[in-house]
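> Sequence plus predicted model, see below.
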Amino acid sequence: MDDILQRIATCIERGKVNATSPYPPDLKGQDGAHELTKAALEMGVSPSDVLAQGLVVGMNSIGRKFSENKVFVPDLLMASKAMQAAMVHLKPFFESGEAKHRGTFIIGTVQGDLHDIGKNLVSMVMEGGGWQVIDLGVDVSTEKFLDALNAHPGSAVGLSALLTTTMVNMEKTVAAVRAQHPDTKIIVGGAPLTAEYAKKIGADAYAPDPQGALDYLVGAVA
Amino acid sequence: MDYSEIAATLNSTRGAGVSPRADGGSLTLRERFRRTMFFQEVSTLPNFEFGYWGRTLESWHEQGLPEAVVDEATAYDYFGIENWLWLNVNSNPLPVCEYAILEEDDNHMTYRDVLGWTARINKHGDKSIPHFLDYPVKDAATWEPYKKALDPDAPERWEDFEDSLAIALRGDVPVGVYGGSMAGVPRNLIGFERIATMAYEDPDLLTEIINTFGEATLAVLQRALPRIQVDFCMGWEDICFNMGPIIPPDFFRAVVGPWYRRIADLLVAHGCCVYTTDTDGNILPIVETFLDNGMNTAFPVEVHAGTDPCLLRESYGKRIRLWGGFCKRKLAHSRAAIDAELERLKPYVEQGGFIPGVDHRVPADVTLDLYRYYLDRKREVLHVGGDPKY
């Protein structure tokens, strides 16, 4: 069992999607995350173990290397593709309740801002870290964040902004979330942000990169 | 100055930096630019800036900026910022379709660009980075039309060239020529996520696309450069984010690097030794690909993203020239923060080969007062030129 979970983790980390995918070249022709996840479940490995000891291990590893500038966006995206291929097999178990996420993470780019690249990278790493991700998209109003929190109480919230002119809208959203859901963990991120600004507007944390968001939440809910 | 003089200057360690006695203030802007970028003394550095976000000037009007200042040109004139001339020819694809507004309401507009992508912009916000919705190049078949659109000799590509050449030939200001886009425009055709993984999943097609852009750029420059000695060549990539490049660095070096080398060699053969490309974000993972292939100038040196000009100069010495590098976040902070940033840059600016300016467009959260303070202090501390009208 440990062997197949380790192989799944390797496929996730290295972006090996399935047996026909040409990347990475040294794994060409071998089973990928798709086949190995299916096989593990058929062998009787629990969905929770596949998630925690396979997918999460692989995504954590690539996310950490990304934080350390040892790998780059293309590597993170390939890992995410492999993870999605594995998640296809786990999805029915999440729907039935047999497998559980570590928590729910609501994310969106704040009102007035249409940029989504950073937000999408965070979503991928969070999902790979075992979290259910509710992605509200771009140009998200405070009301939409509140609606999502009402629909998914107890969720953590991530706010993204690329522009200095739109990051000011974070403050309004943070204040509204605090007023209605005071215990909500709020993480902010984006090119113009700083830890100082996050503190100033009342967010719980500033994530300089996707793994930083995941690490904070894992610590916060532990 | 011909290339032998340039080369001699580059090898010289004497005469670098800013000195009021260097030239008696008699040099033209073009001469000041060349001397600065060749590590020679000048009385005042070129006072170059990157421009402004859409809302910035609107916001400053409410703070007392004259209403006549409506765009970059009028702002530069008012603030005493100097500028350069462009040769009007580029090596990007020519239009492949009609521009069309696909959807519009009070706040947003969705449009199809002449290069085929669709994007959405916020009508009231900053429009310079659209939210892309769909990309035209999905495979080899959909790439096909762009090969023709990259024909370097297409007459419409050269329609405005002679007029801009005539102006540039009689000017006393630096002349720049576009250095193409090996990955930035392809990204807009292919899509962010697709181009990022394409080097792994379909490297042959991505290589063909980059090579076609490279061939077009080289051919355009081969035709333009014999007509005038340009002072610098600047491409456009914008392929780095805070976490580095969107193309794997090894692939970038192997496939894009040789095109930079061919262009650099051509530029040097025509007496142009300042070669850069506009790439925001953290360029550190690919900066050595730039330098090893003759791209010797970093622009705009976005500090908050991790591209620190002092670090680059400490790491690469005179191998690297710097253009930009003043952290825009300091502008919005305080006078003390502006002073500290100028003082931080000063020793590196004094080494030469460094034209200091804000590391991207000035954002709208910068007050007019702090921006004027920055410009005034930049003149005092870093000895840049230009005559303000405020």
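All right, it came through fine. Numbering: from 1, shown residues only, chains lettered A, B, ... in the order given.

> Now the phi/psi pair for the one residue sitting closest to the centre of chain B, please.
For chain B, the residue sitting closest to the mean C-alpha position, by C-alpha atoms, centre = their mean, is B:D278 at 3.5 Å. Dihedral pair for B:D278: phi -80, psi 110, per degrees, to the nearest 10.

> wait, it sits on B:E237?
Yes - here B:D278 reaches B:E237: they are 6.8 Å apart, a contact under C-beta atoms under 8 Å. C-beta coordinates here come from the backbone N, C-alpha and C atoms, glycine included.

> In three-state terms, label the residue nearest to B:A68 when sequence neighbours are not counted for me.
If the residues on either side of it in the chain are set aside, B:A68 comes closest to B:T74, at 6.3 Å by C-beta to C-beta, 6 or more residues apart in numbering or on different chains. Here B:T74 takes the helix state, with states given by DSSP: H, G, I helix; E, B strand; the rest coil.

> how much space is there between B:T74 and chain A?
Separation of B:T74 from chain A (C-beta to the nearest C-beta, to the nearest Å) stands at 22 Å.

> on that earlier part again, torsion angles phi and psi at the residue lying closest to the residue nearest to the centre of chain B once chain neighbours are set aside?
Excluding the flanking residues, the one nearest B:D278 by C-beta to C-beta, 6+ apart is B:W236, at 4.8 Å. When read as degrees, to the nearest 10, the backbone of B:W236 gives phi -140, psi 120.

> what sits against B:W236?
With contact set as C-beta atoms under 8 Å, 6 or more residues apart in numbering or on different chains, B:W236 has these partners: B:Y178, B:G179, B:G180, B:S181, B:G184, B:V185, B:T277, B:D278.

> Could you find the residue in the stretch 51-200 of chain B that comes nearest to chain A?
Across the stretch 51-200 of chain B, the shortest distance to chain A (C-beta to the nearest C-beta) belongs to B:H131, at 3.4 Å.

> Tally up the residues packed near the residue lying closest to B:P388 once chain neighbours are set aside, please.
The shortest distance from B:P388 to any non-neighbouring residue, by C-beta to C-beta, 6+ apart, is to B:G80 (3.4 Å). B:G80 is flanked by 17 other residues according to other C-beta atoms under 10 Å in any protein chain shown.

> quick one: pLDDT of B:G80?
Model confidence at B:G80, expressed as pLDDT, equals 97.

> these two touch, right, it and B:G386?
Yes - B:G80 is within contact range of B:G386, at 3.7 Å (criterion: C-beta under 8 Å).

> Overlap in contacts, these two.
B:N47.

> hang on, the earlier thing: can I get the contacts of B:W236 in a markdown table including distance to B:R344, pLDDT and secondary structure?
Output for these, formatted as a markdown table (distance: C-beta to C-beta, whole Å; pLDDT from 0 to 100; DSSP: H, G, I helix; E, B strand; the rest coil):
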| residue | distance to B:R344 | pLDDT | secondary structure |
| --- | --- | --- | --- |
| B:Y178 | 32 | 97 | strand |
| B:G179 | 29 | 97 | coil |
| B:G180 | 33 | 97 | coil |
| B:S181 | 32 | 97 | coil |
| B:G184 | 30 | 95 | helix |
| B:V185 | 35 | 96 | helix |
| B:T277 | 25 | 98 | strand |
| B:D278 | 23 | 96 | strand |
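
> would TSV of those residues with distance to B:L370 be doable?
Converted to TSV, the contacts of B:W236 look like this (distance: C-beta to C-beta, whole Å):
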residue	distance to B:L370
B:Y178	33
B:G179	33
B:G180	36
B:S181	33
B:G184	31
B:V185	35
B:T277	30
B:D278	25
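
> Give me the distance between B:V384 and B:G176.
Counting by C-beta to C-beta, to the nearest Å, the gap from B:V384 to B:G176 is 18 Å.

> tell me the contacts of the nearest residue in space to B:R223 that is not next to it in sequence?
Closest residue in space to B:R223, ignoring its immediate chain neighbours: B:P152 at 7.0 Å, by C-beta to C-beta, 6+ apart. For B:P152, the contact set (C-beta under 8 Å, 6+ apart) comprises B:S91, B:E215, B:A216, B:A219, B:V220, B:R223.

> Which strand residues bridge the residue of the stretch 51-200 of chain B closest to chain A?
Beta-bridge pairing for B:H131 (DSSP bridges): B:R120.

> List the residues that contact it.
Counting by C-beta under 8 Å, 6+ apart, the residues that B:H131 touches are A:L114, A:H115, A:D116, A:V138, B:A119, B:R120, B:I121.

> ok, now with 10 Å
A:109, A:113-117, A:137-139, B:108, B:110, B:119-122 (C-beta atoms under 10 Å, 6 or more residues apart in numbering or on different chains).

> for the residues you listed, which one is nearest A:L90?
Within these, proximity to A:L90 (C-beta to C-beta) peaks at A:G137, which comes in at 24.0 Å.

> pLDDT score for A:L149?
Listed pLDDT for A:L149 reads 97.

> I'd assumed it was in a helix, is it?
Yes - under three-state DSSP, A:L149 sits within a helix.

> quick check, A:P153 in a helix?
No - looking at A:P153 with three-state DSSP, it is coil, so not inside a helix.

> That one: neighbour count?
For A:P153, using other C-beta under 10 Å, the count is 10.

> So for it, what's the nearest residue that isn't a sequence neighbour?
Nearest to A:P153 is A:H181, by C-beta to C-beta, 6+ apart, at 7.5 Å.

> In contact with that neighbour, which residues?
Applying C-beta under 10 Å, 6+ apart, we find A:H181 in contact with A:F145, A:L146, A:L149, A:N150, A:P153, A:G154, A:S155, A:V157.

> Which members of those are classed as buried?
Neighbour-count burial (16 or more other C-beta atoms under 10 Å in any protein chain shown) applied to the contacts of A:H181 gives A:F145, A:L146, A:L149, A:S155, A:V157.

> my guess is the fourth one contacts A:F105, does it?
This means A:S155. Yes - proximity of A:S155 to A:F105 meets the contact threshold set by C-beta atoms under 10 Å, at 6.5 Å.

> where do the contact lists of the two overlap?
A:W131, A:Q132, A:V133, A:I134, A:K185.

> In terms of helices and strands, where is the second one?
Spelled out, it's A:Q132. strand A:131-135 (DSSP states H and E).

> who touches that strand?
A:56, A:94, A:100-109, A:116, A:119-120, A:122-127, A:148-149, A:151-152, A:155-158, A:213-214, A:217-218, A:221.

> Name the residue of chain A that lies nearest to chain B.
A:L114 (3.4 Å).

> Report the separation between that residue and A:L162.
Note on A:L114: its distance to A:L162, by C-beta to C-beta, is 9 Å.

> hey, where'd the strands end up in chain A?
A:103-109, A:131-135, A:156-160, A:186-189, A:205-206 (DSSP state E).

> Partner strands of the shortest one and their direction?
The pairing partners recorded for strand A:205-206 under DSSP bridges are strand A:186-189 (parallel).

> just how off-centre is the partner strand within its chain?
13 Å (C-alpha atoms, centre = their mean, to the nearest Å).

> and that strand, C-alpha only, in PDB?
In PDB, the C-alpha atoms belonging to strand A:186-189 read as follows (Å, rounded to 0.1, in the frame of the first residue of the first chain):
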ATOM      1  CA  ILE A 186      -9.000  35.400   6.300                       C
ATOM      2  CA  ILE A 187      -5.800  35.200   4.100                       C
ATOM      3  CA  VAL A 188      -4.900  37.900   1.600                       C
ATOM      4  CA  GLY A 189      -2.400  37.700  -1.200                       C
END
